[in-house]
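Peer 1: coords below, sequence missing:
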């Protein structure tokens, strides 16, 4: 067949209708044969919320969400990653099955083995693995502190309940507390946890919408061109699936934003682990050495030493003071909270990376059209786009297919509303930041009432942001020695 492009008289009405009705986000359950992760996530959030609230009302215990804090984001991210893997595996298996026709070698390995690297490189899967590491570490830290032991409960809920006791009417007090329990403790915190993994959903939807849109656009074009002009349906199907696998590769290919996200995520994860470990060692020292008794010192500048114990002097100072001011706690009063918030803000970078990868689908089709028409491209991704032409026989169908593609290209901005979607990725991290502001305010109010020097610590050390001050720790140590002497 001649390679000269030809024009079809008119785009088929069914194809035009299919391409013309693109919605973002798509309706739940109508995006693809595999459905939408929201079909699982929404009932899960409702069920977990009802369960936590029912148990708290029945048992008068309010830390059920606390026990699930490190587990629910992993579950939610796992559901989304599974949908991404299921969809990708379908594309890869179909492409491999037709590999013999396209000149590629078929594999006798199981799908999970032969496509393992391709599946692990999917952006939602990478995000799930990062959340898995976070979940394992935080779950272990919560466990070693006795968080899962019954009836362990966050001590701050007792202080919150005291505020409700100021209400004179017992009936109104109970009603308002249960409303607070249902709305904030059970519902809002669960919504926050599922919202934290929303960037994973955005990454899945970018991959899914890319494959779905290519399916809407390319499949009818190939079928129509083949039916009208060629008698090679198997070859056309092979080319079609090669386009899908190439599109999937475009979405899976990591970019600099992905790398930045992974580096920052691991940095905050390590920082949080170090801060938690320093706090754990301090709390263990308090348990080991107990209340320290200090001998009156004749020299006011002499560091007090504990009686009948081998406690190091610097640890004795910490215990005498009542709180930790060394290590990362010399830079921030709550370095672990700072790193936790930074973790979830960083996850939004992967949504940006998914948007960037999504534009490569446009480039793939752009390149096909430019090859036929000579249109100028603003961007090129040559190594990836040229893989479209590795299928033998593609030039035979290219003229027929591209004539259909050109007619719909004016309406092919794939992720036109993606910027709006990205804005939603900051809602939950912002909510987490607000919650941490309130919870740390309560925590510090309690600490200030227990430890006289804590007010000084507040004046010399930032609450979250790790601003450096070379004089704060020596000043605190000197002040503590003078108080003791």
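Peer 2: Arrived safely. Keep in mind it's a predicted model, so treat the numbers as computed, not measured.
Peer 1: okay, now the nearest residue to residue 188 once chain neighbours are set aside: neighbour count?
Peer 2: In this structure, residue 188 finds its nearest non-sequential neighbour in residue 431, 8.0 Å apart by Cβ to Cβ, 6 or more residues apart in numbering. (C-beta placed from N, C-alpha, C; glycine too.) Counted with other Cβ atoms under 10 Å, the neighbours of residue 431 add up to 17.
Peer 1: which element is residue 431 on?
Peer 2: Assigned by DSSP states H and E, residue 431 falls within helix 427-450.
Peer 1: just the buried positions in that helix, please.
Peer 2: Within helix 427-450, the residues scored as buried using 16 or more other Cβ atoms under 10 Å are 428-429, 431-433, 436, 440, 443-444, 447.
Peer 1: determine the set of other helices and strands touching it.
Peer 2: Counting contacts by 3 or more Cβ pairs under 8 Å, 6 or more residues apart in numbering; DSSP states H and E, helix 427-450 is packed against helix 156-164, helix 189-196, helix 335-373, helix 454-460.
Peer 1: lowest average pLDDT across the ones you listed?
Peer 2: Per-stretch mean pLDDT for those is lowest at helix 335-373 (a mean of 77).
Peer 1: if you average pLDDT over the helix or strand encompassing residue 49, what comes out?
Peer 2: Residue 49 is located in helix 38-59, with elements delineated by DSSP H and E. For helix 38-59, the mean per-residue pLDDT is 91.
Peer 1: and for stretch 167-185?
Peer 2: Average pLDDT, stretch 167-185: 87.
Peer 1: next one: stretch 120-136
Peer 2: The pLDDT scores in stretch 120-136 average 92.
Peer 1: for the residue nearest to residue 188, which residues are in contact?
Peer 2: 188, 192, 195 (Cβ atoms under 8 Å, 6 or more residues apart in numbering).
Peer 1: equivalent analysis for residue 152, please.
Peer 2: Counted by Cβ under 8 Å, 6+ apart, residue 152 has contacts 63, 146.
Peer 1: can you give me the distance of it to residue 440?
Peer 2: 21 Å (Cβ to Cβ, to the nearest Å).
Peer 1: what lies in contact with stretch 349-358?
Peer 2: With Cβ under 8 Å, 6+ apart as the test, stretch 349-358 has contacts from 123, 126-127, 198-200, 202-203, 206-207, 209-210, 250-255, 257-258, 260-261, 264, 414-415, 418-419, 421-422, 425.
Peer 1: do the same with stretch 50-60
Peer 2: With Cβ under 8 Å, 6+ apart, stretch 50-60 has contacts from 61-62, 64-65, 68, 178, 181-182, 185-187, 190.
Peer 1: try 10 Å this time
Peer 2: The list of residues contacting stretch 50-60 from outside it, by Cβ atoms under 10 Å, 6 or more residues apart in numbering, reads 61-68, 150-151, 153, 157, 178, 181-183, 185-187, 189-190.
Peer 1: flag every buried residue along it.
Peer 2: Across stretch 50-60, burial judged by 16+ other Cβ under 10 Å covers 52-53, 56.
Peer 1: among the helices and strands packed on helix 427-450, which is nearest residue 328?
Peer 2: Relative to residue 328, the nearest member of the helices and strands packed on helix 427-450 by Cβ to Cβ is helix 335-373, separated by 4.0 Å.
Peer 1: how long is stretch 58-66 from one end to the other?
Peer 2: 17 Å (Cα to Cα, to the nearest Å).
Peer 1: hmm, back to that, got JSON lines for the contacts of residue 431, with neighbour count and distance to residue 324 too?
Peer 2: Below are those laid out as JSON lines (neighbours: other Cβ atoms under 10 Å; distance: Cβ to Cβ, whole Å):
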{"residue": "188", "neighbour count": "15", "distance to residue 324": "31"}
{"residue": "192", "neighbour count": "21", "distance to residue 324": "28"}
{"residue": "195", "neighbour count": "22", "distance to residue 324": "32"}
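Peer 1: can I get those residues in a markdown table including distance to residue 78?
Peer 2: Shown next, in a markdown table, are the contacts of residue 431 (distance: Cβ to Cβ, whole Å):
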| residue | distance to residue 78 |
| --- | --- |
| 188 | 22 |
| 192 | 18 |
| 195 | 16 |
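Peer 1: and the strands in the stretch 201-350 of the chain?
Peer 2: Taking DSSP state E, counting those that start in this stretch, the stretch 201-350 of the chain contains no strands at all.
Peer 1: now the angle between helix 189-196 and the helix holding residue 49, please.
Peer 2: Angle, helix 38-59 to helix 189-196, by axes from the mean of the first three to the mean of the last three Cα atoms, to 10 degrees: 150 degrees.
Peer 1: for the following helix or strand past helix 38-59, packing partners?
Peer 2: Next helix or strand after helix 38-59 toward the C-terminus (DSSP H and E): helix 64-68. Packing partners of helix 64-68 (3 or more Cβ pairs under 10 Å, 6 or more residues apart in numbering; DSSP states H and E): helix 38-59, helix 123-144, helix 189-196.
Peer 1: mind listing what's buried in the second one?
Peer 2: Going back to what we said before, that points to helix 123-144. By neighbour count with 16+ other Cβ under 10 Å, helix 123-144 contains the buried residues 123-128, 130-131, 134-135, 137-139, 141-142.
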